[in-house]
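Chemist: Give me the fold of what follows.
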Amino acid sequence: MGKDSTAKEPSGKGKGKQAAAGGEENASKGKGKGGKAADGLGTCTYVKARHILCEKQGKINEAYKKLQDGWLNNGDKVPPAEFAKIAAEYSECPSGKKGGDLGWFPRGKMAGPFQDVAFSTAVGATSAPFKSTHGYHIILSEGRKN
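Modeler: Numbering: from 1, shown residues only. The predicted structure is shown next:
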């Protein structure tokens, strides 16, 4: 499938910023289909997430810098309420008005790299910026269930 090559882009960039958020080590564990079950990521049926969507890479990088300066550079997790404030300020998606809240969604509902990152980001962790066909995203994983 073509999804695998685009899914590696977020962790393949190697900026190291995602590791601070706890996402890079989890993303690397989930590369192979067999490896996802070992860490519990990728085995769930539903994910609860928030996101920030921007058309321009520069704007998503500004939002990510705010997340880094406030929490990620200190090794902290971004509180959902604080992520919601940044999503309301930066996101160009209609969900931005709701703090980027996408609620619970099943595997197969979101396309390509978005689904891959959403289902491979640990609960409480924030992904590094990544590109999809809709623009540039940052995801905050809030929950998982089967």
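
Chemist: CA atoms for contacts and neighbours, from now on please.
Modeler: Noted.

Chemist: ok, now which ones touch residue 83?
Modeler: For residue 83, the contact set (Cα atoms under 8 Å, 6 or more residues apart in numbering) comprises 50, 67, 99, 140.

Chemist: Out of those residues, list just those in helices.
Modeler: Among the contacts of residue 83, the members falling in helices (DSSP state H) are residue 67.

Chemist: Export the contacts of residue 83 to CSV and append columns for neighbour count.
Modeler: Compiled in CSV, those are given as follows (neighbours: other Cα atoms under 10 Å):
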residue, neighbour count
50, 25
67, 21
99, 23
140, 29
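
Chemist: Switch the contacts of residue 83 over to TSV; also include pLDDT.
Modeler: Supplementary listing: the contacts of residue 83 in TSV, determined by pLDDT from 0 to 100:
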residue	pLDDT
50	98
67	97
99	98
140	98
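
Chemist: Contacts for the longest strand seen in the chain next, please.
Modeler: Longest strand in the chain, counting residues (DSSP state E): strand 135-145. Residues external to strand 135-145 that are found in contact with it (Cα under 8 Å, 6+ apart): 44-57, 60, 64, 80, 83, 114, 117-118, 121-131.

Chemist: Name only those of the residues you listed that count as buried.
Modeler: 44, 46-55, 60, 64, 80, 83, 114, 117-118, 121-131 (16 or more other Cα atoms under 10 Å).
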